[in-house]
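Participant: Kindly return the folded structure for what I paste below:
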Amino acid sequence: MKRLILVCGPTGAGKTSYSVSLSKEIDAVRFSIDPWMQTLFSKDMTELDYSWMIERVNRCYEQIWEVSQQILSLNGNVILDLGFTTKDQRAVFVERAQELGINAEVHYLDAPTDIRRKRVEKRNIEKDPSVYSFDVDDMMFDFMEPRFEIPDAEELKYGCTVSA
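Facilitator: As a prediction, the model looks like this:
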């Protein structure tokens, strides 16, 4: 049975590490938003402007979904490590999956703020290419922190919460 998994969690929760591991476990194609944004738009970003950034994230989402549909139509598994900061962002992909007859699974990764901040600091230093796309400084971490919306029970109906 084909699976579509939406991985979400605040900055530093371990979304990419979790997605890499899970993709190997269930033979899934994994899409992560960070390398897309880094490759396509980082050189154009002159300041931390949420509306500028989210507009480009949404462009990436559209292209990623086009490819994901093809994979799912071939009975493949897809993991979307796209940040999914808001409930509305997740709902778009849940609805698209339902149109294909698939119950999207939301996997919510949770970890305390101090642990997440330490992970980000370590990632910035080590620059491991399997999880690192760009430095997340304190300003960016603090900027994104209040924007993450925790999934509710309805969103997690087919998914799970992972203490990372």
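Participant: ok, and the helix or strand in the protein with the lowest average confidence?
Facilitator: helix 138-144 (a mean of 71; mean pLDDT, DSSP states H and E).
Participant: other SSEs contacting it?
Facilitator: For helix 138-144, the contact count by 3 or more CB pairs under 8 Å, 6 or more residues apart in numbering; DSSP states H and E identifies helix 113-126 as packing neighbours. All C-beta spots, glycine's among them, are computed from the backbone N, C-alpha and C.
Participant: buried stuff in the helix it packs on?
Facilitator: Buried residues in helix 113-126, counted by 16 or more other CB atoms under 10 Å: Arg116, Arg117, Arg119, Val120, Glu121, Arg123.
Participant: what's the burial count for Thr16?
Facilitator: 22 (other CB atoms under 10 Å).
Participant: Please tell me how far it sits from Asn103.
Facilitator: Separation of Thr16 from Asn103 (CB to CB, to the nearest Å) stands at 24 Å.
Participant: wait, which of the buried residues of helix 113-126 is closest to Lys43?
Facilitator: Arg123 (20.9 Å; CB to CB).
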